[in-house]
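Q: any chance you could fold what I've pasted below:
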Amino acid sequence: MHRDLSWMLQDVLKVPGARHALLLSADGLRRGATDGLGTDLADTAAAALSGLQSVSRSTGKFVDGTNESRWLQTVVEFEGGWLFLNQASAGTYLAVAASPEVDMGDITVRMQQLVQRIGSEMTSPPREAGDHT
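A: Numbers count the residues shown, from 1 in each chain. So this is what the prediction gives:
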C-alpha cells in the first residue's frame with residue numbers, strides 16, 4: 001500500500017500563479033494532490049498525465065535523431081494556463097497546473113527542489129500481481 005504524499009506538494013503552490021500539484025505513478029494512479037483538487041479530477045488527471053509522460057518520453061528520437069536524449073520535462077500551454085510534468089523518481093511523476101502569468105522559471109525550479117528533497121519518498125515500485133492499492 002502506498003502512502004498519500006499530498007502534504008509534500010503544498011510547497012509548490014507558494015509560487016505565484018501555481019494552482020494545483022499532482023503526484024502520480026507511471027501506471028496512472030494518484031499518489032498525492034494539493035488541497036482544493038477534487039478526487040475525481042485528480043484521478044482523471046493522473047490517468048491522462050501517465051499517458052502524456054509516456055508519449056513525451058517516446059519522442060526523444062524526434063528531438064535529437066538518436067533516441068539517446070533523456071526526457072526531462074513536458075510543458076503544455078493552454079489558453080487558461082500551463083501544465084508542467086516531470087519525473088519525480090523512478091516510476092513517479094510530478095505535475096503542476098499554473099495560471100498564464102506564472103513565472104515558468106520559478107515553477108520549474110520549485111518543482112526540482114521538491115523532487116530533490118523528497119525523491120526517495122516519491123519512488124513508486126512496480127505493482128505486484130494482486131496488489132490493488
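Q: the chain: helices as residue ranges?
A: Secondary structure of the chain (DSSP state H): helices at 39-57, 60-64, 104-122.
Q: so who does residue 83 touch?
A: Residues in contact with residue 83 (C-beta atoms under 8 Å, 6 or more residues apart in numbering) are 74-76, 95-98. (Glycine included, C-beta is placed from N, CA and C.)
Q: would you quantify the distance from it to residue 91?
A: The spacing between residue 83 and residue 91, counted by C-beta to C-beta, to the nearest Å, is 20 Å.
Q: can you check residue 85 too?
A: 14 Å.
Q: neighbour-wise, which of these two wins?
A: More crowded of residue 85 and residue 91, by other C-beta atoms under 10 Å: residue 85, with 21 against 17.
Q: is the more buried one in a bridge, and if so with what?
A: Beta-bridge partners recorded for residue 85 (DSSP bridges): residue 74, residue 95.
Q: what pLDDT does it get?
A: Residue 85 carries a pLDDT value of 97.
Q: I'd say it and residue 71 touch.
A: No. Residue 85 lies out of contact with residue 71 (C-beta atoms under 8 Å); the separation is 9.7 Å.
Q: intersection of neighbour lists for those two?
A: 53, 56.
Q: state the pLDDT value of the residue nearest the centre of the chain.
A: Of all residues in the chain, the one closest to the mean position by C-alpha atoms, centre = their mean is residue 94, 2.0 Å from it. Note on residue 94: pLDDT of 95.
Q: now it. Nearest residue, chain neighbours left out?
A: residue 88 (4.3 Å; C-beta to C-beta, 6 or more residues apart in numbering).
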